[in-house]
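S.K.: Sequence first, then the predicted structure:
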Amino acid sequence: MKVIHTDGHHEYFLKLVKLLDEDLYKRYGELQKTYNAYNKLDKINDVVIIEKDGIAVACGAFKAYNTTKVELKRLFVREAYRKQGLAKLIIQELETLAKEKGFLYMILETGDKQDEAIKLYHKLGYEVTDNYPPYVGNNNSLCMIKTL
């Protein structure tokens with residue numbers, strides 16, 4: 001297993017994000033299109049990818065939300081590699097990196113149909129918080145926060 005620290009332009013990251021988007025469309029259908037504007041990769045400079053046997057199997061990223069918070073973005077594990085602790089490893093790597101960069105909190109938004117993600121976030125110490133912009137008023141979104 002290889003852990004890669006890179007940015008939002010990495011070939012593996014782009015491939016995994018495409019798979020993530022396909023997975024989200026299966027879960028949410030047309031509703032997912034309303035989130036496309038929030039999932040741009042242009043401001044993502046901090047990415048963690050896990051490679052196994054030459055295959056990119058998992059990824060996650062963060063981007064600055066403000067001067068004290070980063071937002072966890074684009075967390076994904078290929079279906080065949082789930083339940084192996086890879087998402088947890090990626091989140092922990094990203095939290096460490098964010099803390100090293102001086103950020104105090106990590107925030108995230110997830111969909112209400114992603115029960116496995118919600119359970120993982122709770123297990124890792126994330127707490128539900130009021131939806132932050134741009135998710136205010138969106139009943140399909142669940143926002144969470146953790147002190148780093």
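M.R.: Thanks, I have it.
S.K.: Neighbouring strands of whichever strand or helix holds Phe62 in the sheet, and parallel or not?
M.R.: Using DSSP states H and E, Phe62 sits within strand 55-64. Strand pairing for strand 55-64, determined by DSSP bridges: strand 46-52 (antiparallel), strand 69-77 (antiparallel).
S.K.: Can you list the residue ranges for helices in this protein?
M.R.: Taking DSSP state H as the test, the helices found in the chain are 11-28, 86-100, 115-123.
S.K.: Mind listing what's buried along stretch 8-20?
M.R.: For stretch 8-20, the neighbour count (16 or more other CB atoms under 10 Å) marks Gly8, His10, Tyr12, Phe13, Leu16, Val17, Leu20 as buried. Just so you know, the C-beta spots here come from the backbone N, C-alpha and C atoms, and that holds for glycine as well.
S.K.: same question but for stretch 122-133, I mixed them up
M.R.: For stretch 122-133, using 16+ other CB under 10 Å, the buried residues are Tyr126, Tyr132.
S.K.: Identify the residues contacting that stretch?
M.R.: Contact with stretch 122-133 is made by 65, 88, 91-92, 106-109, 136-138, 141-146, as judged by CB atoms under 8 Å, 6 or more residues apart in numbering.
S.K.: Which other helices and strands does the helix or strand bottoming out on mean pLDDT in the chain contact?
M.R.: Least confident helix or strand of the chain, by mean pLDDT, DSSP states H and E, is helix 11-28 with a mean of 83. Counting contacts by 3 or more CB pairs under 8 Å, 6 or more residues apart in numbering; DSSP states H and E, helix 11-28 is packed against strand 2-6, strand 46-52, strand 55-64, strand 69-77, strand 105-111.
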